[in-house]
Structure formats: C-alpha cells, structure tokens
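>>> I'd like to go over a predicted model; first the sequence, then the structure.
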Amino acid sequence: MLGIACAGVLIAYVGLVPLPRSDGFIPAVQGIIAAIEFITAVLLFAQYATEPSRALLVLAAGYLFTTLIVAAHTLTFPGAFAPNGLLGAGRQTAAWLYVVWHLALPAAACGYALLKRRPVASAGIHGAPAAAISRTALVVVSAGVVVTWVAVAAGDSLPTLVLSATTFTSTASVVTALPLVASVLAFVVLWRRRASVLGQWLLVALAASIAETALVVFVGASRYTFAFYASRPLAVVASCSVLVALLSEMTGLYVRLAVAVKALQRERASKLMNLDVVVSTIAHEIKQPLTVITTCTGIIENVLRKPQVDVDDVRLNLTDIASASQRIGETIDSLRGLFRNPQEAQRLVDMNELARDVLKALDAELSGNEIAVSTELDADMPGVLGHRGQLREVLVNIVQNAIDELARYHDRARTLRVRTTRTQRNRISITIEDSGGGIAADRLPNLFTASVTTKAGGMGLGLSLCQMIVDRHNGQLSVSSDVGKGTRFEVSLPAEPAAASEAARAPSGSLKAEA
C-alpha cells in the first residue's frame with residue numbers, strides 16, 4: 001500500500017500534462033481488467049461452493065458486476081471501437097459508467113466486511129450453493145444490463161460530466177468524490193474487521209481504487225494526459241489484488257494437500273512395512289517351537305509303532321510338545337504387547353528364574369549340539385518390572401543365536417555362559433557369552449537393525465525385536481565380540497530395589513549339557 005501511495009503522489013505531481021491520444025489504450029488495459037475481474041469472480045464463486053458464506057457471495061457478485069460495467073465502459077468509450085462508442089452511447093455514457101464501476105468495489109468490500117464474522121449457520125444461503133450462485137449471477141447480470149441501458153438511454157438526462165473529447169466539467173470531480181468516499185469508508189470498515197489473507201489483499205485493492213479516484217477529484221478529470229494514462233495501472237492493481245490472494249491461497253492449499261497426501265502414503269507404506277515386520281517376526285519366533293512339536297510328534301509315532309510302547313518316552317515328548325505350544329502362545333502374547341500400552345501386563349519378573357526357564361526350554365538343542373552351559377546367577381538380584389513374555393523372547397533369541405553359531409564349529413569346545421549381576425544400585429545385567437567364531441567389528445554397529453543378519457537364511461528380525469523390547473523396558477542391549485573367540489551380549493535393565501523377587505534361586509554353578 002505504501003507503493004500505491006507513492007505512485008499516486010508521483011502521478012499527482014506530474015499532473016495533467018497533455019500526451020498524444022491513443023485510442024487503443026483503453027481497450028487494451030480495460031480488457032485486461034475485465035478478464036482479471038471475471039476470473040476473480042469465478043474463483044470466489046468456486047470458493048463459496050465449498051464454503052458457503054454470504055460474505056463470499058457478495059464479494060463474488062461485486063466482482064462479476066464490475067466485470068460487466070468495465071466491459072460496457074470499454075465498448076462505449078469514445079474512439080475505442082467507434083468515434084462515439086458502441087451500443088448507441090452518448091457523450092456522457094462512459095463517464096457515468098466509470099463512476100458506477102468505481103462504486104461497485106467499495107460496496108462489495110463493505111458487504112464482505114460486515115458479513116464476514118457472522119456464524120456459518122446464519123450466513124448460509126437457503127438451497128444448494130449451485131442454485132444460490134445461479135440466482136446471484138442472474139441478478140448481477142440483469143443489474144449490469146439495466147445500469148448500462150440507463151447510462152446509454154438516459155445519458156443526456158443525467159448531469160453533464162463531459163464537455164468535449166478531452167475536457168470535463170467541475171461536476172465530474174464532485175461526482176467522482178462519491179466512489180472516493182465510498183472506498184475510504186469501505187477501507188476503514190474492512191481494516192477494523194480484517195481477519196484473513198483475502199481481507200488484507202482486498203485492502204490493497206481499495207487503496208489502489210482510492211488513489212485512482214483521488215487523482216480525478218484533486219488533480220482534475222481530463223483525458224489523454226499523464227494522469228489519465230498513469231492512473232489506469234492503479235485500476236489494474238485494484239483488480240489483481242484479490243486474484244493474487246485467491247491464487248496464493250489455492251497454491252498454499254494445493255501444497256498442503258500434496259504434503260498431506262505424501263504423509264498418508266508414507267504412513268500407509270509404514271503400516272504395510274510394520275505389518276510385514278510383525279508377520280515375519282511371528283514366523284521367526286514360532287519356527288523353533290513348531291520344529292520341536294514336529295520332531296516330538298514324529299518320535300511319538302515311531303514309539304507307538306513298536307510292539308512294546310515306552311510310556312515314559314511318550315510322556316517326555318508330550319511334555320516337550322506342551323512346553324513348545326505354551327511358548328508359541330507366550331510369543332504371540334508378547335508380540336501383541338509390543339503394540340499396546342507399555343504399562344499393560346507389567347509385573348515383577350525374576351530374571352534368574354527366567355534365565356533358568358529359557359535354558360530348560362532349549363535344553364534339547366543345547367544337549368543335541370553338545371554345548372556346555374555354565375550359569376552364574378546372583379542370589380541377591382532384585383526383580384525387574386516388565387512383561388515376562390517379552391523379556392523371555394529377548395533371552396530366547398540371544399541363546400538361540402548362540403546355539404546356531406556354536407553348531408557351526410566342530411574344532412573347539414562349545415560353551416555358553418549365562419550370568420546375572422547387580423551392576424548398580426538400581427540396575428541389573430544379564431550376560432550371555434558363547435565361544436563361537438565371533439562377529440566382525442564392521443558388522444557390530446548395524447547388528448540390531450532390521451533385516452541385518454549374520455546367519456545364512458536368517459531374517460534379521462530377532463535382534464531388532466530384542467532391541468525394541470529392551471528399549472520398551474528402559475534398558476540397554478549391547479554386544480561385544482572377539483573374532484575367533486566368541487560373542488558377548490549384555491542386557492541391562494532397571495531394577496525394583498524395594499521388591500526383590502521371592503522366587504527360588506538356584507546357587508551359582510555350572511552345568512554340562514549331555515550329548
């Protein structure tokens with residue numbers, strides 16, 4: 001607006017310096033203005049269709065009416081298309097249409113400002129938006145036709161504004177003061193009620209209209225002067241301002257929509273990936289218990305085919321089947337727990353008891369691979385507040401990985417060491433160490449990343465799942481390894497000092513798994 005004011009002062013300073021007559025100037029400039037006003041009206045009607053509001057409808061009607069009057073003024077302007085103008089225009093027709101043209105914008109802006117803050121319920125137009133737009137457009141077109149007809153038919157009966165092709169009467173400045181006053185009032189009303197980008201740009205349009213009409217009132221009305229030619233760009237600014245606001249808002253809306261769509265696509269892809277991880281994790285975790293069930297079932301079938309059935313052997317394998325089935329159920333429950341509130345299903349867990357339970361569940365594999373297991377369980381270990389099934393999965397995964405690693409070597413002693421200690425006042429540590437071949441140093445940083453595995457045919461989900469579970473329990477999972485000597489995993493968890501686990505704890509010692 002400061003630029004508009006400076007331009008107005010500069011034009012007023014130069015004033016009514018005569019310039020050569022150009023009959024093509026008015027059609028060229030006002031053709032642009034009419035096109036811009038029409039596009040603005042269409043966009044405002046479109047916005048009303050999505051957000052019904054009397055304020056938008058009134059403003060759209062004002063721009064549509066201005067389009068019609070600008071077109072009529074261009075057609076009736078002397079010398080633009082005919083010496084005296086088209087449509088049977090008289091000498092006064094174009095001048096009076098100019099006044100009406102510059103009254104339309106402040107009237108529409110004032111209506112917009114007064115209706116803008118009304119509640120949506122009371123601001124709506126009865127009926128569908130399309131019907132309201134049609135009725136409004138019909139009324140506006142009819143009004144434009146009537147105003148143009150009056151200016152043409154009754155032009156000689158109206159007060160004289162034009163004396164000759166270039167000069168105006170003093171009455172012209174007085175009459176032009178009407179749109180000037182109307183623009184100032186509309187500017188004040190809108191300034192006090194501005195609350196949107198559209199309202200701010202409408203202020204710019206009113207400022208340009210005020211500058212243009214002020215030149216006519218205070219400098220004087222005369223055609224083909226510096227003020228005459230230089231003031232028309234102000235009319236272009238007045239017509240462009242709201243269009244700029246609408247295009248800016250539409251572009252911003254498009255950008256936000258594009259960002260939202262991309263976010264939804266990323267969320268969908270993330271959900272699909274999470275679903276794939278969940279399914280793969282379940283398959284990974286229940287593979288070993290299902291193998292036990294299949295193996296034990298085959299053993300029972302072979303035993304039952306013998307003439308003399310060894311009942312103890314059958315009972316032992318049925319116990320293993322029941323244990324494996326129970327482990328499958330616990331695995332599914334623990335995985336479901338990862339996607340629930342982390343505070344659900346939490347209770348005190350005795351990590352010594354849990355370690356013994358895991359070693360017992362995997363005893364068949366430990367024995368089958370001739371792995372010697374030694375345990376060093378701290379008898380004064382406090383309990384850990386957490387999800388027993390999830391913590392069990394952590395230990396099972398680490399021990400199972402150790403078994404798979406040790407099974408590859410036949411040239412060394414296969415040992416597995418499990419130790420629990422109280423590292424700090426409020427933390428405990430569970431260490432699982434094997435005597436396998438170890439892991440290369442460059443692979444350790446990504447070891448807990450999903451899809452990263454050190455085993456042929458592995459899914460790379462076990463350790464990433466362990467990391468997720470330990471993080472859920474506010475713990476830390478770390479690994480160290482010496483190539484050729486073995487790997488050491490350590491799980492550090494916060495303890496509950498005031499509630500030590502009361503479960504029975506076996507004394508420290510060592511256990512040799514039988515071949």
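Perfect, I can see it now.
>>> remind me, longest helix of this protein?
Determined from DSSP state H, the single longest helix within the chain is helix 226-305.
>>> Check the average confidence over that one, would you?
Averaging pLDDT along helix 226-305 gives 77.
>>> Packing partners of it?
helix 2-14, helix 25-50, helix 54-76, helix 197-214, helix 311-337, helix 388-406, helix 462-472 (3 or more CB pairs under 8 Å, 6 or more residues apart in numbering; DSSP states H and E). For the C-beta atoms, the positions are set from N, CA and C on the backbone; glycine is no exception.
>>> list the contacts for residue 201?
Listed by CB atoms under 8 Å, 6 or more residues apart in numbering, the contact partners of residue 201 are 241, 242, 244, 245.
>>> nearest to residue 56, of those residues?
Nearest to residue 56 among these: residue 242, at 11.2 Å, using CB to CB.
>>> How many neighbouring residues does that closest one have?
28 (other CB atoms under 10 Å).
>>> And residue 239, by the same measure?
27.
>>> Surely it and residue 204 touch.
No. If you go by CB atoms under 8 Å, residue 239 and residue 204 don't touch, sitting 11.0 Å apart.
>>> related to what we said a few turns ago, closest to residue 483 out of the helices and strands packed on helix 226-305?
With distances scored as CB to CB, the stretch of the helices and strands packed on helix 226-305 nearest to residue 483 is helix 388-406 (12.3 Å).
>>> for that closest one, what is the average pLDDT?
The pLDDT scores in helix 388-406 average 87.
>>> Quick check: next helix or strand after it?
strand 415-424 (DSSP states H and E).
>>> Measure how that following strand sits relative to helix 388-406, angle-wise.
Counting by axes from the mean of the first three to the mean of the last three CA atoms, to 10 degrees, strand 415-424 lies at 140 degrees to helix 388-406.
>>> so what secondary structure elements neighbour strand 415-424?
Here strand 415-424 touches helix 351-361, strand 372-377, helix 388-406, strand 427-434, going by 3+ CB pairs under 8 Å, 6+ apart.
>>> To residue 110, which of these lies closest?
Across these, closest to residue 110 is helix 388-406 (CB to CB), at 67.2 Å.
>>> host element of the spatially closest residue to residue 55 that is not a sequence neighbour?
In space, residue 55 comes closest to residue 115 once its chain neighbours are excluded; the distance is 4.0 Å by CB to CB, 6 or more residues apart in numbering. Following DSSP H and E, one finds residue 115 within helix 93-116.
>>> average pLDDT for that helix?
Rounded mean pLDDT across helix 93-116 is 89.
>>> where does the stretch 351-500 of the chain have low pLDDT?
Along the stretch 351-500 of the chain, segments meeting pLDDT under 70 span 450-461, 497-500.
>>> try 50 this time
452, 456-459, 498-500 (pLDDT under 50).
>>> hang on, the earlier thing: run the chain-centre distance for the helix holding residue 115.
40 Å (CA atoms, centre = their mean, to the nearest Å).
>>> Stretch 148-156 too?
Relative to its parent chain, stretch 148-156 has a centroid offset of 56 Å by CA atoms, centre = their mean.
>>> List the buried residues in it.
Buried residues in stretch 148-156, defined by neighbour count with 16 or more other CB atoms under 10 Å: 148, 150, 151, 152, 155.
>>> can you redo those as CSV with secondary structure?
Below are the buried residues of stretch 148-156 laid out as CSV (DSSP: H, G, I helix; E, B strand; the rest coil):
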residue, secondary structure
148, helix
150, helix
151, helix
152, helix
155, helix
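>>> CSV for the residues you listed, including distance to residue 56 and pLDDT?
Below are those laid out as CSV (distance: CB to CB, whole Å; pLDDT from 0 to 100):
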residue, distance to residue 56, pLDDT
148, 26, 91
150, 28, 90
151, 29, 89
152, 32, 89
155, 34, 69
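>>> May I see the buried residues of stretch 424-437?
Under the neighbour-count criterion of 16+ other CB under 10 Å, stretch 424-437 has 427, 428, 429, 430, 431, 432, 433, 434, 435, 436, 437 buried.
>>> what do you get for stretch 74-83?
Counting neighbours by 16+ other CB under 10 Å, the buried set in stretch 74-83 is 74, 75, 76, 77, 78, 79, 80.
>>> Who are the packing partners of the stretch of helix or strand residue 178 belongs to?
Secondary structure from DSSP H and E places residue 178 in helix 170-193. Helix 170-193 sits against helix 93-116, helix 197-214, with contacts defined as 3+ CB pairs under 8 Å, 6+ apart.
>>> Of those helices, which is nearest residue 30?
Evaluated with CB to CB, the helices and strands packed on helix 170-193 place helix 93-116 nearest to residue 30, the distance being 9.4 Å.
>>> which helices and strands does the closest one pack with?
helix 54-76, helix 129-153, helix 170-193, helix 197-214.
>>> For those helices, please prepare CSV with the additional fields distance to residue 473.
Supplementary listing: these in CSV, determined by distance: least, CB to CB, whole Å:
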stretch, distance to residue 473
helix 54-76, 56
helix 129-153, 56
helix 170-193, 57
helix 197-214, 50
